[in-house]
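Novice: Fold the stuff below for me.
(one chain, ligands or ions: 2)
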Amino acid sequence: MIIVTGGAGFIGSNFIHTWLSLSDEPVLNLDKLTYAGNLENLSKFQSDSRYHFVRGDIGDRELLARLLQEHQPRAVINFAAESHVDRSIHGPGEFIETNVNGTFHLLESVRGFWQSLSVPGQTAFRFLHVSTDEVYGTLAPNDPAFSETNPFEPNSPYAASKAASDHLVRAWHHTYGLPVLTTNCSNNYGPYHFPEKLIPLVILNALAGKPLPIYGDGQQIRDWLYVEDHARAIIRVLQDGRVGETYNIGGHNEKANLEVVKTICQHLDALRPRADGKPYADQMTFVKDRPGHDRRYAIDASKISAELGWSPEETFESGLEKTVRWYLQNPAWVQNVTSGDYRQWVEKQYG
Ligand code: NAD
Ligand code: TYD
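Specialist: Numbering: from 1, shown residues only. Ligands and ions are numbered 1, 2, ... in the order given. As a prediction, the model looks like this:
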């Protein structure tokens, strides 16, 4: 079996959906259920014997030691993190706590477990750390895309905390021999995305008749990847990635934010026209820029493509249309997330 941390969040829950659609190997999901953790993302597996959930913190070594001993996983995949740049600007403390200290405690717990294994068990074991392209900093318009050898130049508290965690993972391999893999992925989008990030925020604000906030001039570029393509890439790296290596994952979809917002508006105009017949783009509003806003991210994914044969299955056009349709077809999920009802359930269930 495998242990996934942060599996109630956006990418972790999509990963569990993809994993269990491809394999019967059980998954234990360890998640603290912060505001970003939503068990409704995984309601499909509530009574599936292949899926187990434990509420807990990656910084809780006692809990980790017990779970590792009890379940004897062959791999741990670390998705758990604070993940939103704007929140990291308002309050960086939680980002240091989970992304840096939490990763440290997780690595130490996993190292203790790994050292207790037989030699074949140690050889087969993997710790896969899920990270971001934001560790590399920002690109000028004509710079080549980020490759795995780019220096780390993080610019936001979020990116700095993720860069620190990547360094810890690297060091635990070089110093202790822990069999680690690290993936650095570009911006994801798709189902179950919490509506604080650009794409779900714009879809839901548009439908609610609210302004669509565009930071600065809207010409910042992100390299968008459909979340299921990310999940498939992680599975490929887990299976055949070379221990100690990092793999960049990206969709070859560089888009300026303004273009992303306009495309969402066009999909909504076609699928759910406004009652007054006007275009959703009328709701676009330019607002104050994010401090230290990175101008451009782009991923060179040639290493994972050449070594592991991975490439994205969705184009930005097909993935974005699927995503808009998913939000239109899941009003109950949207309602619970926007009203905060999913939190009340969590508190009732888990105190
Ligand atoms: P998310 O914020 O949606 O989910 C994070 C999950 O981690 C939540 O379920 C939360 O409850 C859980 N969590 C937070 N602190 C925890 C702790 N201390 N112990 C246990 N669980 C905890 O994030 P996401 O977008 O799904 O991102 C997952 C990972 O992928 C993160 O490490 C992020 O840095 C990385 N990443 C994200 C993107 C993106 O576009 N969203 C791109 C590349 C990499
Ligand atoms: P976001 O989804 O927060 O991801 P990240 O900051 O990790 O790339 O933002 C994506 C881009 O969209 C980023 O350039 C900031 C911009 N943005 C807006 O213009 N308006 C918004 O309301 C949000 C949330 C983001």
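
Novice: Ignoring the adjacent residues along the chain, who's closest to residue 22?
Specialist: Spatial nearest neighbour of residue 22, excluding adjacent residues (C-beta to C-beta, 6 or more residues apart in numbering): residue 235 at 7.1 Å. Yep, even glycine has a C-beta here, placed from its N, CA and C like the rest.

Novice: ok, the one you found - how many residues close by?
Specialist: Residue neighbour count, defined by other C-beta atoms under 10 Å, stands at 19 for residue 235.

Novice: Next: residue 259.
Specialist: Neighbourhood size, residue 259 [other C-beta under 10 Å]: 14.

Novice: same question, the one 4 residues further on
Specialist: By the criterion of other C-beta under 10 Å, residue 263 has 18 neighbours.

Novice: same check, this time on residue 54
Specialist: As a burial measure, the neighbour count of residue 54 was computed by other C-beta under 10 Å and equals 13.

Novice: pretty sure it is in contact with residue 29, am I right?
Specialist: Yes: under the criterion of C-beta atoms under 8 Å, residue 54 lies in contact with residue 29, with a separation of 7.2 Å.

Novice: sorry, back to before: pull out the buried positions in the host helix or strand of the residue nearest to residue 22.
Specialist: In the assignment (DSSP states H and E), residue 235 maps to helix 227-240. In terms of neighbour count (16 or more other C-beta atoms under 10 Å), helix 227-240 has its buried residues at 227-238.

Novice: try stretch 141-160
Specialist: Of the residues in stretch 141-160, those with enough neighbours to count as buried (16+ other C-beta under 10 Å) are 145-146, 148, 150, 152, 154-160.

Novice: same deal with stretch 133-141?
Specialist: By neighbour count on 16+ other C-beta under 10 Å, the buried set for stretch 133-141 is 133-139.

Novice: Of those residues, which pair is most distant in space?
Specialist: Farthest apart among these by C-beta to C-beta are 135 and 139. That separation is 13.0 Å.

Novice: Determine how far stretch 267-280 lies from the middle of the whole chain.
Specialist: Stretch 267-280 has its C-alpha centroid displaced from the chain centroid by 30 Å (C-alpha atoms, centre = their mean, to the nearest Å).

Novice: Ok, stretch 262-279 next?
Specialist: Centre-to-centre, stretch 262-279 and its host chain are 28 Å apart (C-alpha atoms, centre = their mean).

Novice: in it, what's buried?
Specialist: By neighbour count, with 16+ other C-beta under 10 Å as the criterion, the buried positions of stretch 262-279 are 262-269, 272, 274.

Novice: how much space between residue 292 and residue 286?
Specialist: Note on residue 292: its distance to residue 286, by C-beta to C-beta, to the nearest Å, is 18 Å.

Novice: returning to that earlier point: which one of the buried residues of stretch 262-279 is nearest residue 252?
Specialist: The closest of the buried residues of stretch 262-279 to residue 252 turns out to be residue 263 (C-beta to C-beta; 16.4 Å).

Novice: Name the helix or strand for the nearest residue to the closest one once chain neighbours are set aside, please.
Specialist: Ranked by C-beta to C-beta, 6+ apart and with sequence neighbours excluded, the top spatial neighbour of residue 263 is residue 320, at 6.1 Å. Using DSSP H and E, residue 320 maps to helix 316-329.

Novice: C-terminal to that helix, what's the next element?
Specialist: Moving on from helix 316-329 towards the C-terminus, the next helix or strand you reach (DSSP H and E) is helix 331-339.

Novice: Would that next one count as contacting ligand 1?
Specialist: No: contact of helix 331-339 with ligand 1 (C-beta under 6 Å from any ligand atom) is absent, the minimum separation being 11.3 Å.

Novice: Give me the outermost residue of the protein relative to its centroid.
Specialist: Among the C-alpha atoms of the chain, the one farthest from their average position, using C-alpha atoms, centre = their mean, is that of residue 276, at 36.6 Å.
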